[in-house]
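In: just to be clear, the model below is a prediction. Sequence and coordinates:
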Amino acid sequence: MHIESFSLWVNNRNLRKGFFPQREWLLIAGSIVLCGVTLSCNRLSSRTGAGTSASNLSANRLYREFRDNPIDATNKYRGKTVAVEGLVGKIIPSDHGDATVHIPDHSDAAVNPNDANRAIIATFPRQDDLRGIRTGEKIQLQCAFDKYEFNSVSMSFCTLAKPENVGPEPAIVASNVPSANLLYREYIANEKAASAKYDGTNVEIEARLGNQIKTDDGGAAIHIANDGNQKALIASFPDASAVAGIEQGELFRLRCRVRKFEYQILWLEACEIER
């Protein structure tokens, strides 16, 4: 039996040699090794791509700053305009002409992209700014930081930013002009402190033109909306021609004297357009 077994082994070995000469064996072995390496590389590259495309978005980095240390992040961005890049989770238009964009925290794979929690919530005063923008699309936006609350970073007065102004880190816009909305919210948050700070002083702000009402003395009163309140601020211009050519909803810069805050309205007077 030992001799017969040895004979079968020799015959099988010779048979393999007959069908696959040494050169073919080398080619087959090399192909197997190459396939193994290729599959490993493909798996590695797919894991790497999945981990970097979203985690490098500056919106995720901004969110992590607030998640890791909300006090320091709030002090850093309070009153600032921030430029970031993010992936659109969903777009929610309102009846007042504005729209809210949710940018989920894609740095955590367990986060539901359709969940408003753990996200950046960016409010655009003009829905038209978001025409053609789709869910899942990468956008660059520039907003005024509002607050961090309920695991969400709220930003307002948003516009689409130029891609060259946005990098891998959240960018604070150096040439920031405080928005009318931020000024109004200071009064809402602490009327006494805001009145002591601003009443009787001149402020330079940016706003979206709301309703325009001409007065009998040749002037004009401009309504500026905030969070659905269509006349949160009322800016009085001595000369109505100063606002001629500015369309409703258009972003413009103005300089006014703060008169008073009364009946939830911030009254601005002696206003001029800043070019």
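Out: Yep, that arrived. The model shown is predicted, which means the values in this text are computed figures rather than measured ones.

In: quick one, strands of this structure?
Out: In the chain, the strands defined using DSSP state E lie at 81-87, 90-93, 99-104, 119-124, 138-149, 152-160, 171-172, 202-208, 212-214, 220-226, 229-237, 251-262, 265-273.

In: just send those strands back as CSV, with mean neighbour count too.
Out: Heads up, the C-betas are built off the backbone N, CA and C, glycines and all. Below are those laid out as CSV (neighbours: other C-beta atoms under 10 Å):
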stretch, mean neighbour count
strand 81-87, 24
strand 90-93, 14
strand 99-104, 23
strand 119-124, 24
strand 138-149, 20
strand 152-160, 21
strand 171-172, 16
strand 202-208, 19
strand 212-214, 14
strand 220-226, 23
strand 229-237, 20
strand 251-262, 17
strand 265-273, 20
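
In: tell me how far the residue nearest to residue 250 when sequence neighbours are not counted lies from residue 147.
Out: Using C-beta to C-beta, 6 or more residues apart in numbering and skipping the chain neighbours, the partner closest in space to residue 250 is residue 209 (5.2 Å). Look at residue 209 and residue 147: by C-beta to C-beta, to the nearest Å, they are 25 Å apart.

In: residue 61 now?
Out: As judged by C-beta to C-beta, residue 61 and residue 147 stand 19 Å apart.

In: how about residue 183?
Out: 15 Å.

In: repeat for residue 230
Out: According to C-beta to C-beta, residue 230 stands 22 Å off from residue 147.

In: for residue 223, same thing?
Out: In terms of C-beta to C-beta, residue 223 sits 24 Å off from residue 147.

In: kindly report the same for residue 236.
Out: Going from residue 236 to residue 147 by C-beta to C-beta gives 30 Å.

In: same check, this time on residue 187
Out: Distance, residue 187 to residue 147, using C-beta to C-beta: 15 Å.

In: show me the contact partners of stretch 120-134.
Out: 59, 62-63, 84, 86, 88, 91, 93, 97-103, 105, 139, 141, 143, 152-160, 208, 225, 249 (C-beta atoms under 8 Å, 6 or more residues apart in numbering).

In: if you set the cut-off to 7 Å instead, what comes out?
Out: 59, 62-63, 86, 88, 91, 93, 97-103, 139, 141, 143, 152-160, 208, 249 (C-beta atoms under 7 Å, 6 or more residues apart in numbering).

In: mean confidence for that stretch?
Out: On average, the pLDDT along stretch 120-134 is 88.

In: output the below-cut-off pLDDT ranges for the stretch 51-200 of the chain.
Out: Across the stretch 51-200 of the chain, residues meeting the criterion (pLDDT under 70) sit at 51-56, 107-117, 164-165, 174-178.
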